[in-house]
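Visitor: compute the structure for the input listed below.
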Amino acid sequence: MTLYMIGIGLNDAKDITLKGLEIIKKCAFVYLESYTSLLQCPIDDLEELYGRKIIEADREYVEKKAGLILDKALDEDVAFLVIGDVFGATTHTDLFLRAEKEGVDIEVINNASVLNAVGIVGLELYKYGKVTSIPYPMKGFNPLSFYGVLEENLKIGAHTLLLLDIKADEAQFMTVNEGISRLIEAEENFKKGIISWDTKAIGIARLGGKAKILPGTLK
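Guide: As a prediction, the model looks like this:
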């Protein structure tokens, strides 16, 4: 049978495409990858519209038990749901490549992602440079590589989309203010003068739904 990797959009249950919905309704098993993005509606809303019980797949499940999903897809139609678009994280690409390697039939149904929905702020999409993430610091490790990406984008006159970290298993979701603090921390560390409290930026939350957009300076 087939493994269907289906993007379900950014906001609520009704963001699913008609094609995606039709496929989900015929699948024997439906998984929702629940750790690389934040679902903006109760999972019950998805189950009611889709008419299927949804199995939440956290980081450990996807990374350590992906074989179970693929094994089921050899005999049954299986849906693997991703918030936003399908290939929003390397984990999803890994699952796709593993399915191909193991001879599992696979089909991808795309949907909206933050990479196109960000157009609502009014900046032209083709003028964005490399996208990067602002991660939380970890014990003994404080990743600041986003600073280098921002620097390179500035050199070519490109905008930078900075994705804020989430740790779903710990219920941690980085706020815009926390992201700003990380930017200032990086500037204080590297001291290249590319970020200041007067740097212009746009804070965005809840893309794809009732988005909150706040332009201004980091201050």
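
Visitor: only C-alpha atoms for contact and neighbour calcs from this point on.
Guide: OK.

Visitor: for the worst-scoring helix or strand of the chain on mean pLDDT, which positions count as buried?
Guide: Every helix and strand in the chain was compared by mean pLDDT, DSSP states H and E; the lowest is helix 59-64, with a mean of 80. Buried residues in helix 59-64, counted by 16 or more other Cα atoms under 10 Å: 59, 62.

Visitor: and the helix or strand following that helix, how far out from the chain's middle?
Guide: Counting by DSSP states H and E, the next helix or strand C-terminal to helix 59-64 is helix 66-75. Distance of helix 66-75 from its chain centroid, counting by Cα atoms, centre = their mean, to the nearest Å, is 24 Å.

Visitor: helices or strands next to helix 66-75 in the packing?
Guide: Applying 3 or more Cα pairs under 8 Å, 6 or more residues apart in numbering; DSSP states H and E, one finds that helix 66-75 makes contact with strand 2-7.

Visitor: residues touching the least confident helix or strand of the chain, excluding its own?
Guide: 33-35, 91 (Cα atoms under 8 Å, 6 or more residues apart in numbering).

Visitor: secondary structure, distance to residue 217 and neighbour count added to these, as JSON lines?
Guide: Listed next are these as JSON lines, based on DSSP: H, G, I helix; E, B strand; the rest coil; distance: Cα to Cα, whole Å; neighbours: other Cα atoms under 10 Å:
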{"residue": "33", "secondary structure": "strand", "distance to residue 217": "35", "neighbour count": "21"}
{"residue": "34", "secondary structure": "coil", "distance to residue 217": "33", "neighbour count": "19"}
{"residue": "35", "secondary structure": "coil", "distance to residue 217": "31", "neighbour count": "20"}
{"residue": "91", "secondary structure": "helix", "distance to residue 217": "34", "neighbour count": "15"}
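
Visitor: any chance of those in CSV with distance to residue 127 and pLDDT as columns?
Guide: CSV is the format used below for the contacts of helix 59-64 (distance: Cα to Cα, whole Å; pLDDT from 0 to 100):
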residue, distance to residue 127, pLDDT
33, 31, 90
34, 31, 81
35, 29, 80
91, 27, 81
